[in-house]
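**Student:** Sharing a model that was predicted from the sequence below.
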Amino acid sequence: MSTNGTASASKQDLDPNQGGDANKKTYHKTATGEALKTANAHSEEKDLKLYGSCFCPFVHRVWISLEHRGLDYQYVEVDVYRKPKLLLDINPRGLVPALRHGDWGCYESTVLMEYLEDLNQGSPLLPKDPKLRASSRLWSDHINRHIVPAFYRYLQAQESGDQVKFATELREQISKLVDAADGAGPFFFGPDMTFVDVQIAPWIVRMGRVLKPYRGWPDPEPGSRWEKLVRAIENADPVKKTTSGEELYLDSYERYAENRPNTSQVRDAISYGGTMP
């Protein structure tokens with residue numbers, strides 16, 4: 001009786017995306033490395049709060065934005081798969097990132113980045129020039145509509161033929177972005193990191209830490225414009241300060257690489273042909 005009870009209790013403790021197998025890796029619930037230092041430095045109660053999960057690239061965008069702008073904020077780690085009430089009160093779907101500013105709350109990473117711009121505090125990410133601002137939104141849309149879904153299609157593909165097809169799609173969509181970038185760089189619009197760079201930054205981080213080990217994604221070609229963009233983004237202080245250690249990404253994304261059920265709404269959207277959540 002006691003042995004069965006212990007086994008049953010252990011099984012209940014597993015995350016749903018482990019499929020009942022304790023040997024399967026699951027998502028981390030605490031940041032590591034530099035990101036943990038940053039989270040701890042922003043753990044005190046503040047009027048501006050970011051609710052996030054350390055493995056989530058959409059959260060990563062907003063976190064980078066907060067750090068870039070130098071805003072006074074609180075980082076609150078939540079287990080998004082258990083959907084605490086404090087998250088549901090802001091976003092009834094229980095998705096991160098979510099932002100609370102006083103008694104007001106909102107969600108969706110790009111919307112939150114725009115909101116932080118509209119506060120007019122700290123260092124802006126959107127250029128002042130209206131035409132460049134429009135271009136920022138255009139290429140951010142390209143990242144969200146084409147690069148991000150291609151990333152997940154490639155990572156979730158199980159058959160070698162599908163992996164080749166989606167790797168090609170991802171390279172083509174990245175090439176379109178690179179072709180539109182300022183020639184000298186190193187960032188998308190030139191010497192400074194802006195909105196477009198932050199939009200793609202979490203996936204650049206995960207190309208090296210997730211796609212490379214799980215799918216053999218190559219390093220950028222030395223001397224290429226893509227390499228220049230990748231290195232500039234990876235070495236930007238707000239990115240480094242919000243990036244965890246490599247093990248966190250390896251563990252948290254194993255479930256995507258195996259295309260396990262109950263992984264996320266992103267996984268379901270890709271697998272079943274829906275729109276990104």
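**Tutor:** Happy to help now that I have it. Residues are numbered from 1 along each chain as shown.

**Student:** now the helices: where do they sit in the stretch 1-150 of the chain?
**Tutor:** With DSSP state H, counting those that start in this stretch as the definition, the stretch 1-150 of the chain shows helices at residue ranges 2-13, 33-41, 57-69, 85-88, 109-118, 130-142, 148-156.

**Student:** Just name the most buried of the ones you listed.
**Tutor:** Scoring the helices of the stretch 1-150 of the chain by mean neighbour count under mean count of other Cβ atoms under 10 Å gives helix 57-69 as the most buried, with a mean of 25. Every residue, glycine included, has its C-beta placed from N, CA and C.

**Student:** What are the contacting residues of it?
**Tutor:** The contact list for helix 57-69 (Cβ atoms under 8 Å, 6 or more residues apart in numbering) reads 38, 50, 52-53, 73, 75, 96-97, 99, 109-110, 112-113, 116, 121-125, 193, 198-199, 201-203, 205-206, 237-239, 241-243.

**Student:** Run through this protein and note the low-pLDDT ranges.
**Tutor:** By pLDDT under 70, the low-scoring segments of the chain are 1-12, 263-265, 267-277.

**Student:** Got the domain ranges for it?
**Tutor:** The record's domain parsing of the chain by automatic domain parsing lists 33-118, 130-271.

**Student:** Any chance of those domains in CSV with distance to Pro16 as columns?
**Tutor:** Shown next, in CSV, are the domains of the chain (distance: least, Cβ to Cβ, whole Å):
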stretch, distance to Pro16
domain 33-118, 7
domain 130-271, 4
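
**Student:** returning to that earlier point: mind putting the helices of the stretch 1-150 of the chain into JSON lines with distance to Leu229?
**Tutor:** Putting these into JSON lines (distance: least, Cβ to Cβ, whole Å) gives the following:
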{"stretch": "helix 2-13", "distance to Leu229": "42"}
{"stretch": "helix 33-41", "distance to Leu229": "21"}
{"stretch": "helix 57-69", "distance to Leu229": "15"}
{"stretch": "helix 85-88", "distance to Leu229": "33"}
{"stretch": "helix 109-118", "distance to Leu229": "19"}
{"stretch": "helix 130-142", "distance to Leu229": "12"}
{"stretch": "helix 148-156", "distance to Leu229": "16"}
